[in-house]
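>>> A predicted structure for the sequence below; I have some questions about it.
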Amino acid sequence: MPDQPVQPAPDPYDALLLLSFGGPEGPDDVVPFLENVTRGRGIPRERLKEVGQHYFLFGGVSPINAQNRELLHALRKDFAEHGLDLPVYWGNRNWAPYLTDTLREMAAEGHRRVLVLATSAYASYSGCRQYRENLADALAALEGEGLPLPRVDKLRHYFNHPGFVGPMVDSTLAALAELPEDRRAGAHLAFTTHSIPTAAADTSGPVEAHTGGGEGGAYVAQHLDVARLIADAVREETGVERPWRLVYQSRSGAPHIPWLEPDICDHLEELHGEGAPAVVMVPIGFVSDHMEVKYDLDTEATAKAADMGLPVSRASTVGADPRFAACVRDLVLERAATERFAEGRAAAAPERCALGALGPSHDVCPVGCCPARSPRPAAAGAGVD
């Protein structure tokens, strides 16, 4: 009889947890959601109502939960089609389904080794360390209830995986095609991501990646690497060398605290002043087209460009693209094989797929990686820091 195909092995893991930010799903949810996001900061309820106007413009509904449901479906479909027997759950930091509730459900159903996919591709406090703190808090809650605690491991950063980069290249090309034909050849590329305080950026990633003076540490380096990959691929496809820059959006901090710049709207104004014929906004910092993309780019930045008469278009994020689902499957199998190798159950470590100059990220966050604002326990790391 012919050899049967080898089924992909998730061993020693028995479940995958999709961990995301969460968002309101109706007008009555907006202020309670923002209270969850800002808990401990003492922000008055009236101020939260003002902040919530972005959500009220869209009926009080953030797109993020629907997009996570689509990704959940895409992951389950991809796993099933490729024989990967691994259930996929979903939990959020700030809205239902809440992380603690989901982990409680997973523990009750007998899961003891859980991989975590965070919907943030890069190294930073808010994009990695804070998720690990949320996991530690949820596990502490389960321990207080006397439940058996699963071991949780977080998948590595995937910003430079082909399954993340490829869809962004294609969406950038599609956005270029949306521009007026007479402006297309000279269009600039503006790669956007969430602005964060420069102090947090400088200490992003492992200690050896930390920088000073607002250089941005691993957070900026990783985004620049992805931007170069996309810009190079677009040049190869179109035969046109396009000016590009990494810019920022969605600043929310106090004015006196330095954050990464330039802002996308300031950048558009600068390009218009320099005579740029058109701009494609490429949101490489985001996994899906959630509120910060829909409002900050599609609403605010697009209106700014229209006022100046500057043609702009916006590339889509990876969302539930089948290639991104395949990327997650690849990362799951890679991490499972790495664990089996570490346990002496495999002859060699697996190959780790990554594009660009930085190579694959670490599996386990080392001590000092994206340090906390104040000391707090964090799960899925190398030790206490």
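Nice, thanks for sending it over.
>>> Can you list the residue ranges for helices in the protein?
30-37, 45-51, 53-56, 64-81, 99-108, 130-144, 162-178, 181-184, 198-202, 217-238, 264-273, 291-294, 302-308, 322-342 (DSSP state H).
>>> so which of those comes closest to E208?
helix 217-238 (9.4 Å; Cβ to Cβ). C-beta coordinates here come from the backbone N, C-alpha and C atoms, glycine included.
>>> what's the average pLDDT for the closest one?
Taken as a whole, helix 217-238 carries a mean pLDDT of 98.
>>> what do you get for stretch 267-276?
The model assigns stretch 267-276 a mean pLDDT of 98.
>>> Contacts for it next, please.
Identification of contacts with stretch 267-276 by Cβ atoms under 8 Å, 6 or more residues apart in numbering yields 186-188, 190, 243, 245, 247, 262, 279, 301, 304-305, 308-310, 312.
>>> Report the buried members of those.
Buried by 16 or more other Cβ atoms under 10 Å: 187-188, 190, 245, 247, 262, 279, 301, 304-305, 310, 312, out of the contacts of stretch 267-276.
>>> and the two most separated of those?
By the measure Cβ to Cβ, A187 and P262 form the most distant pair in the buried ones among the contacts of stretch 267-276, at 18.3 Å.
>>> Which of the buried ones among the contacts of stretch 267-276 fall within strands?
If you go by DSSP state E, the buried ones among the contacts of stretch 267-276 have 188, 190, 245, 247, 279, 312 in strands.
>>> Quick check: the last one vs T302, distance?
Which is V312. Using Cβ to Cβ, to the nearest Å, V312 is found at 6 Å from T302.
>>> cool, and the first one?
Look at H188 and T302: by Cβ to Cβ, they are 15 Å apart.
>>> cool, and the fourth one?
The span separating V247 from T302 equals 15 Å under the rule Cβ to Cβ.
>>> Please apply the same query to the fifth one.
The gap separating V279 from T302 is 10 Å, by Cβ to Cβ.
>>> Repeat that for A175.
For A175 relative to T302 (Cβ to Cβ), the value is 12 Å.
>>> intersection of neighbour lists for the two?
In terms of Cβ under 8 Å, 6+ apart, A175 and T302 are both contacted by the residues R314.
>>> Looking at the two, which is more packed in?
Higher neighbour count among A175 and T302: A175, with 20 against 17, using other Cβ atoms under 10 Å.
>>> need the contact list for the nearest residue to S361 once chain neighbours are set aside.
Nearest-residue entry for S361: H157, 4.0 Å, with adjacent residues in sequence omitted and distances by Cβ to Cβ, 6 or more residues apart in numbering. H157 sits next to 121-123, 128, 222, 361 when contact means Cβ under 8 Å, 6+ apart.
>>> Quick check: the farthest pair among those?
Put simply, by Cβ to Cβ the two of these set farthest apart are C128 and Q222, 11.0 Å from each other.
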